[in-house]
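Novice: pasting the sequence and the predicted coordinates here, then a few questions.
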Amino acid sequence: MADVLTSPVDGHDRDGFHQNSFPLDRAATNSPAIAPEVATNPSQGPSPEVLKQVNDVLSSEEFASFLKKRASLEESNAQGLKKVSRATQHSLRQPDHRQGSFSSAYDDIVQIHERMSENGSQFASSLLKMHDELVELVNSSEQSRKTWKTTGLSAEHKVAELEQTMRKSKAKYDSLSDEYDKIKTGEKQSGKVFNAFKNKSAAQQEEDLLKKVQNADQTYKSHVQTLQTEKHHLETSTRPEAVRALQDLIKDIDAGLSLQLQQYALLSEKLLLSNGLSVSPIPAPGADPSSVRSLRNAVLSIDNERDLNDYISAQSSKVPHVPGDVKYERNPVLGPGPSHAREPSNQGSINKAPLQSHPPQSSAGPPPPSGPPSKTNTGLNPINPPMGHPASLGKNPTNFTPTGPPNPPSFPPSHNRTFSQTDYGSNSGVQTSSGHPPPAYSPGSPVGPPQLGALPFQSSQAAAAQHERQGSHTSAGLKSASPGPIQTTSAPPKPVFGVHLSRLYERDGLAVPLVVHQCIQAADLYGLGVEGIYRQSGSLVHVQKLKHMFDTDSQNPALDFRNPENFYHDVNSVTGLLKQFLRDLPDPLLTSEHHDSFVAAAKHDDDVARRDSMHAIINSLPDPNYATLRALSLHLYRVMDNAHVNRMNSHNLAVIFGPTIMGTDPSNAIADAGWQIKVVDTILQNTYDIFDED
C-alpha cells in the first residue's frame, strides 16, 4: 500500500506542475514533496514511477520556462517597436522632414509597424494568461493529490501498526504456551524462577499458566481479527478509491497541459497571420483595393519627381523678384523724341495740365500707393513744384501732354498717364492703362526732377493754368502738394497690396485692412472644417482676380466674402489671397526692425520667459501692425481649435506663416527658418495671454 500511494500519487506530478516548484524557483529534485518518496525504499533505490515523475516535472518546467521567456521577449519587442514608431511619427511632423508622397508612404509604413507591435502585445498577454491558467490547474491538482496521499498513508500506517501488535501478541502467546507445556510434562524449568512460583506447588503453577495462556490466546485472536478487517478494507476500498482519484487527477492535468499546448500553437499561427495581413492586407469583397495599402504598395507609391516639383513650387514665393528688362529712357531736357505722343486738348476753352510721369513699374506687383509723405511705401516723398511751373516729372518721363498738335503714342501705355481737369467742371482726363497712381519722387536728388515749364516747347498758357491750380486741386492719381488725404473727384484705384500698413491705416482709417478682415471672415465661416486649410493652395487665377479687385475698388460689394459666390466657392483662394497680402507687405507684419529681437526671444529655453519676451516686443509694434497681428492670431487660434478636423495645429500653421509675417532675408533664410517657426508657434499657443479677445 505504501508503494502504491508513494509512486502513483507523486507520479501524478509527472507533468511537472508541482505546487512548490512553480514558478521555476528551484530544481525539481529539491522539491520537498518529491524527496520523501525518493527515499521510501533506500535499499532498492528510487522506483521507476518516481524517476518518471522527476523527468516529467523537469520537462514541464522547461516548457513553462519557455512560455515565460517567450512572453517576456514578445512584450519587450512590442514595446520597443511601438516606441520607435512613435518617435518616427514625431520626426515626420518636423518641418525639415521630406514631405509629399514620401511622407505619406513613410507614415503608412510606421502605422503597419504599430499594428505589428499591437499584435505582439496581445500575443504576450495571451501567453501570460495561459501561465495563470496552468498555475491554477496545478494548484488544484496538487491539493487533491496531497489529500489522497494523506488518506492513503494513514490507512497503510494503521494496518502496519495492527500487524505489529498482532505479532507481539502472538509471540507472548507462544511463550506462555511453551511454559505451560513444560510444567504440564514435569520438565524442569531452567533459568530464573519468578517469585510468584516460589511458594506454589506444581499444580498451582500449572493452573496459573493455563489461565495466562488462555488470556493470551484471546488477545492474539482479537488482534488477528482486527488486522484482517482493516487489511480487507484497505485492499478492497481505500486503495482502489485512491488509485481512481489519482488517475482522474492525472487525466485532468494531462488534458489541461495538452489544451494549453494547442492554445500556444493557435496563438503562434494567429500572430504570424496578423503580422502578414498587416504587411500585405487582403481587401474585403466589394471594397476598394486602394483603401488599404500594403507595405509594398506604400513603398511603390513614392514619386520622387512629383515630390521635387511640389517642393520647388512651394518655394517659388520665396524667390526674390527679378527686375524687368532695362529700357532706354530719354531725358526730357533733350526734348521729346520723334515717337513721343502728344494728346490733344479735350475742349478748346480748357487748358490741359501737363502730365506728371512716373518711374517704370514691374508688372509682377502693384505700384506703390499714394499717401502722406511721411509714410510712403518706397521711401519716396512728393515735392512741391516751383511756383510758375507745372507738376514735376518723374525719373522716367517718357510721355507728357504738351500743348500742341497730338502725335500718336509709340511707347508702352503702362508708362502713360493723363489727368482729368476739374477747374471748369469737366472730366475729360483719362488714367493710365495700369490703373494706379504714380509714385512720388525721391528727395535724394540735389536739384530735383526737371519741370515741364522749363522746356522750350512748354507754352506760357499751360504754365499759367498749372500755377492757378497749385494748392487747390490736383489731377486724379497725383499726390497733393501738402501732406494730407488725397482729394479726388471720382473713385480712383486705391492699391491695397504692396502698401505699408501705416499708409493703409492713414488712407482708409481701418486698423485692420479690409482685405484681411474679409479673408478672416470667409475662413471663419467656411474654412475651419476644411482639411489642410492654409496648407492647400487655391486657384492662382482666382487669387489674381481678387487681388486686382481689391487694388481697383476695395469697397466693391462683390468683395463681401460672407457670400461664397464672391470668392468662387473656393476658400483656399481666400487663404491664398491673405497670405499673398502678407507676403507683399514692404515691411513684414512683425517688422524688419524687430526681426532680430523676435529671433533672440525664441531662443529662450523657458516657455514663460520666451512668451513674456515676445509679448513685450509685440506691444512695441506700430498700431496697425499690432491690430492686424491680433486679428490674425485670434483667427488662427480658432483654426487650431478645429485641428481634430482640419489637421492644422499650431506647429503646422507656424511653418506656413513664419516666413510670411517675419519676412525672409536671403543671407539668413536657412539659419532663421526654424526660429521664425518657433516665434509664430509661441504666439499662437499663447494668443489669449498676449491679446485680449475683446
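Specialist: Yep, it's here.

Novice: show me what the single longest helix found in the chain is packed up against.
Specialist: If you go by DSSP state H, the chain has its longest helix at helix 101-185. Applying 3 or more C-beta pairs under 8 Å, 6 or more residues apart in numbering; DSSP states H and E, one finds that helix 101-185 makes contact with helix 2-11, helix 48-92, helix 202-233, helix 239-279, helix 295-300, helix 304-314. Bear in mind the C-beta positions are built from the backbone N, C-alpha and C, glycine included.

Novice: in TSV: those helices, plus mean neighbour count and mean pLDDT.
Specialist: Formatted as TSV, these follow (neighbours: other C-beta atoms under 10 Å; pLDDT from 0 to 100):
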stretch	mean neighbour count	mean pLDDT
helix 2-11	21	40
helix 48-92	16	75
helix 202-233	15	88
helix 239-279	15	87
helix 295-300	14	86
helix 304-314	12	84
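
Novice: any chance of these in a markdown table, plus distance to P332?
Specialist: Converted to a markdown table, the helices and strands packed on helix 101-185 look like this (distance: least, C-beta to C-beta, whole Å):
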| stretch | distance to P332 |
| --- | --- |
| helix 2-11 | 123 |
| helix 48-92 | 62 |
| helix 202-233 | 142 |
| helix 239-279 | 78 |
| helix 295-300 | 67 |
| helix 304-314 | 44 |
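
Novice: where does the prediction get shaky in the protein?
Specialist: 1-62, 187-200, 287-291, 322-324, 335-493, 669, 694 (pLDDT under 70).

Novice: how's it carved up into domains?
Specialist: 2-187+199-279, 350-485, 502-690 (automatic domain parsing).

Novice: what's the span of the last one, first residue to last?
Specialist: The first and last residues of domain 502-690 sit 22 Å apart, counting by C-alpha to C-alpha, to the nearest Å.

Novice: confirm that S537 sits in a helix.
Specialist: No. With DSSP: H, G, I helix; E, B strand; the rest coil as the criterion, S537 is assigned coil and is not in a helix.

Novice: look up how far N566 lies from it.
Specialist: Using C-beta to C-beta, to the nearest Å, S537 is found at 20 Å from N566.

Novice: how about the helices in the stretch 451-600 of the chain?
Specialist: Taking DSSP state H, counting those that start in this stretch as the criterion, the stretch 451-600 of the chain carries its helices at 460-469, 501-508, 514-526, 540-552, 571-584, 595-602.

Novice: A87 is nearest to which of those?
Specialist: helix 595-602 (24.3 Å; C-beta to C-beta).

Novice: what sits up against the closest one?
Specialist: Residues outside helix 595-602 that contact it (C-beta atoms under 8 Å, 6 or more residues apart in numbering): 588, 590, 610, 613-614, 617, 662-663, 665, 672, 675-676, 678-679, 682.

Novice: wait, Q521 touches R562, no?
Specialist: Yes. Between Q521 and R562 there is a contact at 6.4 Å, judged by C-beta atoms under 8 Å.

Novice: tell me which helix or strand P281 sits in.
Specialist: P281 belongs to no helix or strand when elements are defined using DSSP states H and E.

Novice: neighbours around it, how many?
Specialist: Residues within reach of P281, counting by other C-beta atoms under 10 Å, total 17.

Novice: any idea how far F657 is from it?
Specialist: Distance from P281 to F657, by C-beta to C-beta: 39 Å.

Novice: out of Q521 and R562, which sits in the busier spot?
Specialist: Q521 (15 against 10).

Novice: OK, contacts around the more buried one?
Specialist: F561, R562.

Novice: again with A202
Specialist: So A202 contacts I183, G186 (C-beta under 8 Å, 6+ apart).

Novice: do that again at 6 Å, thanks
Specialist: By C-beta atoms under 6 Å, 6 or more residues apart in numbering, no residues touch A202.

Novice: do the same with H113
Specialist: L81, S85.

Novice: distance of it from Q122?
Specialist: Distance from H113 to Q122, by C-beta to C-beta: 15 Å.

Novice: next one: S592
Specialist: With the distance defined as C-beta to C-beta, S592 ends up 57 Å from Q122.

Novice: do the same with L234
Specialist: L234 is 53 Å from Q122, by C-beta to C-beta.

Novice: so what touches stretch 301-314?
Specialist: G100, S101, F102, A105.

Novice: and if you look at stretch 584-594?
Specialist: With C-beta under 6 Å, 6+ apart, stretch 584-594 has contacts from N377, F497, G498, H500, L582, I617, N625, L629, I661, M662, G663.

Novice: and the fourth one, how many neighbours does it have?
Specialist: Right, the one you point to is H500. When neighbours are counted by other C-beta under 10 Å, H500 comes out with 21.

Novice: quick revisit: can you add distance to Q164 and give the helices of the stretch 451-600 of the chain back as a markdown table?
Specialist: A markdown table is the format used below for the helices of the stretch 451-600 of the chain (distance: least, C-beta to C-beta, whole Å):
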| stretch | distance to Q164 |
| --- | --- |
| helix 460-469 | 149 |
| helix 501-508 | 117 |
| helix 514-526 | 104 |
| helix 540-552 | 113 |
| helix 571-584 | 105 |
| helix 595-602 | 98 |
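
Novice: name the nearest residue to I683, ignoring sequence neighbours.
Specialist: Distance criterion C-beta to C-beta, 6 or more residues apart in numbering; nearest residue to I683, sequence neighbours excluded, is S633 at 5.9 Å.

Novice: the one you found belongs to a helix?
Specialist: Yes. Counting by three-state DSSP, S633 is located in a helix.

Novice: okay, now it: neighbour count?
Specialist: S633 has 20 neighbours, counted by other C-beta under 10 Å.

Novice: that one touches T687, doesn't it?
Specialist: Yes. The criterion here is C-beta atoms under 6 Å, and S633 meets it with T687 at 4.8 Å.

Novice: kindly give a single PyMOL line that selects the buried subset of the contacts of helix 595-602.
Specialist: The PyMOL command for the buried members of these (criterion: 16 or more other C-beta atoms under 10 Å) is given here:
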select buried, resi 588+590+610+613+614+617+662+663+672+675+676+678+679+682
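
Novice: nearest to S317, of the contacts of helix 595-602?
Specialist: G663 (12.2 Å).

Novice: distance check, the spatially closest residue to that closest one that is not a sequence neighbour against F598.
Specialist: Nearest non-adjacent residue to G663, counting by C-beta to C-beta, 6+ apart: P588, 3.6 Å away. Using C-beta to C-beta, P588 is found at 10 Å from F598.

Novice: likewise for L653?
Specialist: 16 Å.

Novice: cool, and G576?
Specialist: Between G576 and F598 the distance, using C-beta to C-beta, works out to 25 Å.

Novice: likewise K182?
Specialist: Here the criterion is C-beta to C-beta. By it, K182 lies 131 Å from F598.

Novice: Y220 now?
Specialist: For Y220, the distance to F598 equals 116 Å [C-beta to C-beta].
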